[in-house]
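A.B. asks: Fold the following, please.
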Amino acid sequence: MQIRRKRRRKKYRKGRAFDLDRGDLSYENFGGVETVRVRACQEGLNAGMLIEEEEKEGATKNKSLFGSKQQTADEVDYTGDIQTAIKALQLSCPPKGSREYFVEQSANALSKLRKYVTPVEINAKGNRNIPVPSIQSQNMELLLTHSSKLIELRALDALLRTLRDRHLVVSYRLCRAQNYWKWHVNLSGGRVGRIVNKIRSEVISMLPWADFDFRDRHQQEYERVTAACERELIWLGKVETLLLERPMEMEVSELFTVVDDTKNQGSWWSQLLAAKDEDGRIPDAEVIKSSEASFASSIQLMTQAKNRLWLRQTEIWSKNARETISASLDATVSTSFTPFDELVSHQNAEKYEGEGTFKYAEAAFLHKWASYDEDFSDTFSWLTVLSLVDYAASPQRAGEQRQFQLSGITSRIRRYDFLGIPSSALLLAAANSLHDNVIAPHSKEIVDFFKSIFAAMWGIFEFRFYTPMKDIVLDLLNKRPRMVDPFALLNEQMSLDNMLKDLGVGDGTRQTRATALAAASRMYEQEVSHGAIRGIVRGKVAQLMLIQIQQLKADLLQAMDQIDNLVDANRLNVQLVASIPAVLILIFGTRALFFAISNWRMKDLRLPKDIHAEMAGYLSSVQQVLVLANHELDATTDSNVIPARRVCLGPKEMGKVVLMLHSYLNLLDYMSPPFPSKQCDSIHQSIQNLLMQGQMSTARQLELLKVIQAKHTDLLKTL
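C.D. replies: Predicted structure coming up:
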């Protein structure tokens with residue numbers, strides 16, 4: 001039990017596939033349904049708690065000389081019930097939290113408040129001679145009854161949504177099994193089927209006892225799984241219809257009519273400066289006065305006609321919810337559990353007296369729980385129902401057993417024990433043998449292989465991503481690397497001017513450098529014309545040659561400086577061009593990664609356009625169900641008057657619509673990303689509007705479905 005409790009507490013709802021209607025959105029935003037009515041009941045209960053405590057203190061102070069007065073029948077202590085109701089109404093389901101854990105937390109309060117939860121007609125059978133209580137007691141009982149019914153409604157709503165999720169899982173499995181057997185039936189009638197039939201006839205002619213007919217078996221399995229799928233869809237539709245027929249909630253805009261909007265707006269400083277007595281507390285007279293006002297307003301709210309009607313509708317809805325849960329679980333356990341006679345113990349046999357018509361112990365228990373039996377309204381009974389709902393999807397239905405299923409083979413291997421040795425020990429021995437014979441002898445090659453892969457990946461990252469981005473950042477920060485140092489160029493030019501000045505053809509300045517170089521060139525020509533050897537030995541040829549070398553150095557550095565300027569002018573453009581492959585790799589690589597992740601999650605290999613087309617097929621199937629719903633109205637003679645109840649979906653049609661929308665949202669989760677999350681959330685919200693509280697007519701659903709289809713078409717534009 002503790003392990004199951006921890007599992008429920010840690011359970012986390014993922015994705016959008018199981019958030020199908022507006023009620024699921026209430027769990028996401030407000031922690032449950034009927035949040036405004038919860039606040040109203042909390043205001044009244046808190047005020048009633050203070051009034052009860054004040055009455056107790058007053059009774060203690062007014063003791064007579066011979067002790068306190070004897071408590072009359074009208075003086076009932078409601079403190080424990082009020083505390084239980086307050087704690088239960090404080091419970092909420094966190095976003096994406098476990099609804100099973102929410103029901104488990106509410107079970108104890110429902111057990112303690114069972115006398116208020118039980119319908120009026122059942123309580124009236126055993127409470128005929130109770131004296132009429134006082135007005136104060138009547139108001140307290142009205143408040144507790146309203147709160148208890150609200151706690152039961154919230155728990156049953158969460159329980160029904162859990163049961164709906166289990167029916168969705170089973171229906172999805174059965175649809176896949178149905179496609180599996182349908183494929184086998186179609187395969188037996190084609191070319192492969194003729195070959196198999198020919199082989200079968202030859203085998204029977206030689207071995208008459210080996211008569212086998214795969215087609216007949218496949219046809220039988222297909223019929224069984226189709227029947228199971230239809231039954232599961234009907235139960236799914238019943239549960240979802242019951243959720244949509246829940247009594248109308250109070251609107252969120254009515255919150256300030258039940259809670260003062262200025263109650264919690266004061267700052268801590270204003271609260272610190274509030275009027276207090278010498279003990280540092282707010283005077284009791286003011287507290288009692290405000291509590292009586294809050295209590296009176298809560299009672300006035302609950303005695304309104306619409307809230308009294310809500311209380312009656314809640315009793316009917318809760319009874320229908322219990323009966324639906326009981327019938328659904330009875331249909332589930334009737335094919336997978338032990339018969340009634342084998343489970344009833346001698347200690348609990350008296351509880352099931354007169355229940356001989358039930359074949360299973362669970363059926364008798366669920367019938368008692370659904371009929372508000374006193375012995376089956378405790379905490380253990382609620383937790384038992386929760387466990388049955390929690391494991392409703394575990395047993396396999398008819399037709400789910402496939403041929404050569406890999407999961408079945410692996411599970412048999414895990415359960416197989418050879419000579420008392422568990423399969424896990426054999427698995428460890430095989431892993432040890434693989435390590436000693438394959439991995440350990442080639443460990444160096446394996447390590448070198450992964451190192452080479454890492455080096456190649458790092459080279460791609462450094463060359464395509466890191467270096468271009470670093471150069472772009474340095475260029476924007478004016479930290480550009482240059483080939484020529486400006487000081488070196490200036491130094492060489494100054495050295496050239498000084499050498500020309502020493503030759504006597506310049507004054508050592510930049511302005512006379514060109515004239516001095518021309519004069520040095522004429523002098524070099526004159527010296528060479530008189531003889532090169534003579535000029536080297538006795539003339540100025542050696543000095544003129546050094547000046548020419550210095551001129552080449554200065555011109556070379558100046559040319560390199562011009563190249564630096566040219567590179568600096570185009571460096572950003574070049575780096576941007578160099579980063580284009582990195583951007584393309586990033587874009588298309590990210591898309592490919594998203595596609596790979598989505599295909600891995602779906603355990604299928606398909607293109608996004610194919611998945612988009614399949615999702616469009618689900619929406620078309622929903623549209624077809626909505627169009628064909630209540631098609632018998634076309635044959636009616638009175639076409640002017642159509643009952644409102646007949647233009648809504650029936651249980652079977654509702655089950656099909658819910659399953660198709662679940663399949664659509666399942667693929668939408670798998671494809672988000674690459675589909676944008678904002679557009680996916682918009683489609684999800686529109687689908688939740690398709691299933692609103694108080695069933696929408698099929699005509700309005702078709703109009704809203706067109707909006708969903710238009711949004712779905714726009715998804716391809718984002719790829």
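
A.B. asks: I'd like the next helix or strand past the lengthiest helix in the chain.
C.D. replies: Using DSSP state H to define each element, the chain has its longest helix at helix 541-602. Later in the chain than helix 541-602, the nearest helix or strand by DSSP states H and E is helix 608-628.

A.B. asks: ok and that following helix relative to helix 541-602, angle-wise?
C.D. replies: Here helix 608-628 points in a direction 30 degrees away from that of helix 541-602 (axes from the mean of the first three to the mean of the last three Cα atoms, to 10 degrees).

A.B. asks: angle of the helix or strand just after helix 608-628 against helix 608-628?
C.D. replies: Using DSSP H and E, the next helix or strand after helix 608-628 towards the C-terminus is helix 651-670. Going by the same axes, to 10 degrees, helix 651-670 is angled at 160 degrees with respect to helix 608-628.

A.B. asks: list the helices and strands helix 651-670 packs on?
C.D. replies: Applying 3 or more Cβ pairs under 8 Å, 6 or more residues apart in numbering; DSSP states H and E, we find helix 651-670 packed against helix 135-187, helix 214-244, helix 541-602, helix 608-628, helix 677-690. All C-beta spots, glycine's among them, are computed from the backbone N, C-alpha and C.

A.B. asks: What is the longest helix of the chain packed up against?
C.D. replies: In terms of contacts (3+ Cβ pairs under 8 Å, 6+ apart), helix 541-602 is packed against helix 467-476, helix 486-503, helix 513-529, helix 532-537, helix 608-628, helix 651-670.

A.B. asks: on that earlier part again, looking at the helices and strands packed on helix 651-670, which is nearest to residue 380?
C.D. replies: helix 135-187 (15.0 Å; Cβ to Cβ).

A.B. asks: Can you give the distance of that closest one from its chain's centre?
C.D. replies: Computed by Cα atoms, centre = their mean, to the nearest Å, the chain-centroid distance of helix 135-187 equals 19 Å.

A.B. asks: Look up how far residue 191 lies from the spatially closest residue to residue 80 that is not a sequence neighbour.
C.D. replies: With Cβ to Cβ, 6 or more residues apart in numbering as the criterion, residue 80 has its nearest non-adjacent residue at 7.7 Å, and that residue is residue 112. Noted for residue 112: a distance of 69 Å to residue 191, by Cβ to Cβ, to the nearest Å.

A.B. asks: more crowded one of the two?
C.D. replies: Set residue 112 next to residue 191 and count neighbours by other Cβ atoms under 10 Å: residue 112 wins out with 20 against 8.

A.B. asks: so who does the more buried one touch?
C.D. replies: Residue 112 makes contact with 80-81, 84 under the criterion Cβ atoms under 8 Å, 6 or more residues apart in numbering.

A.B. asks: what bits of the stretch 201-350 of the chain have low per-residue confidence?
C.D. replies: Residues of the stretch 201-350 of the chain meeting the criterion pLDDT under 70: 204-205, 207-214, 258-288, 335-350.

A.B. asks: sorry, back to before: would you mind measuring from the residue nearest to residue 80 to residue 84?
C.D. replies: 5 Å.

A.B. asks: Give me the neighbour count for residue 502.
C.D. replies: Around residue 502 there are 12 residues (other Cβ under 10 Å).

A.B. asks: Which secondary structure elements does the helix or strand where residue 383 lies sit against?
C.D. replies: Per DSSP H and E: residue 383 is located in helix 379-390. Under the contact criterion of 3+ Cβ pairs under 8 Å, 6+ apart, helix 379-390 touches helix 2-10, helix 99-112, helix 135-187, helix 305-333, helix 361-370.

A.B. asks: Tabulate the ones you listed in a markdown table, adding columns for distance to residue 526.
C.D. replies: Converted to a markdown table, the helices and strands packed on helix 379-390 look like this (distance: least, Cβ to Cβ, whole Å):
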| stretch | distance to residue 526 |
| --- | --- |
| helix 2-10 | 101 |
| helix 99-112 | 107 |
| helix 135-187 | 103 |
| helix 305-333 | 118 |
| helix 361-370 | 124 |
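
A.B. asks: can you tell which of the ones you listed is closest to residue 673?
C.D. replies: Checking these against residue 673 by Cβ to Cβ gives helix 135-187 as the closest, at 23.4 Å.

A.B. asks: Check which residues of stretch 301-319 are buried.
C.D. replies: 301-302, 307, 310-311, 314-315, 317-319 (16 or more other Cβ atoms under 10 Å).

A.B. asks: one step back: rank the helices and strands packed on helix 541-602 by mean pLDDT and give me the bottom one.
C.D. replies: Note on these: helix 532-537 shows the lowest mean pLDDT, a mean of 71.

A.B. asks: wait, which of the helices and strands packed on helix 541-602 is closest to residue 545?
C.D. replies: Nearest to residue 545 among those is helix 513-529; the distance by Cβ to Cβ comes to 7.9 Å.

A.B. asks: Need the residue in the protein that's farthest from the chain's center.
C.D. replies: Within the chain, the residue lying farthest from the chain centre (Cα atoms, centre = their mean) is residue 530, at 98.4 Å.

A.B. asks: which SS class is the residue lying closest to it once chain neighbours are set aside?
C.D. replies: Nearest residue to residue 530 in three dimensions, chain neighbours excluded: residue 539, at 7.1 Å (Cβ to Cβ, 6+ apart). Following DSSP: H, G, I helix; E, B strand; the rest coil, the label given to residue 539 is coil.

A.B. asks: what pLDDT does residue 31 get?
C.D. replies: pLDDT, residue 31: 87.

A.B. asks: Helix, strand, or coil at the residue lying closest to it once chain neighbours are set aside?
C.D. replies: In space, and not counting its chain neighbours, residue 31 is closest to residue 92: 3.0 Å by Cβ to Cβ, 6+ apart. On the three-state scheme (three-state DSSP), residue 92 is labelled coil.

A.B. asks: give the contact list for residue 663.
C.D. replies: Contacts of residue 663 (Cβ under 8 Å, 6+ apart): 172, 618.

A.B. asks: right, and residue 113 touches residue 86 too?
C.D. replies: No. Using Cβ atoms under 8 Å, residue 113 is not in contact with residue 86, being 11.4 Å away.

A.B. asks: When those two are compared, which one has more neighbours?
C.D. replies: Ranked by neighbour count (other Cβ under 10 Å), residue 113 and residue 86 place residue 113 first, with 22 against 17.

A.B. asks: how much space between the more buried one and residue 162?
C.D. replies: Taken as Cβ to Cβ, the spacing of residue 113 relative to residue 162 amounts to 21 Å.

A.B. asks: Surely residue 439 is in contact with residue 433?
C.D. replies: No. The criterion here is Cβ under 8 Å, and residue 439 misses it with residue 433 at 10.3 Å.

A.B. asks: Off-centre distance for stretch 691-706?
C.D. replies: Computed by Cα atoms, centre = their mean, the chain-centroid distance of stretch 691-706 equals 24 Å.
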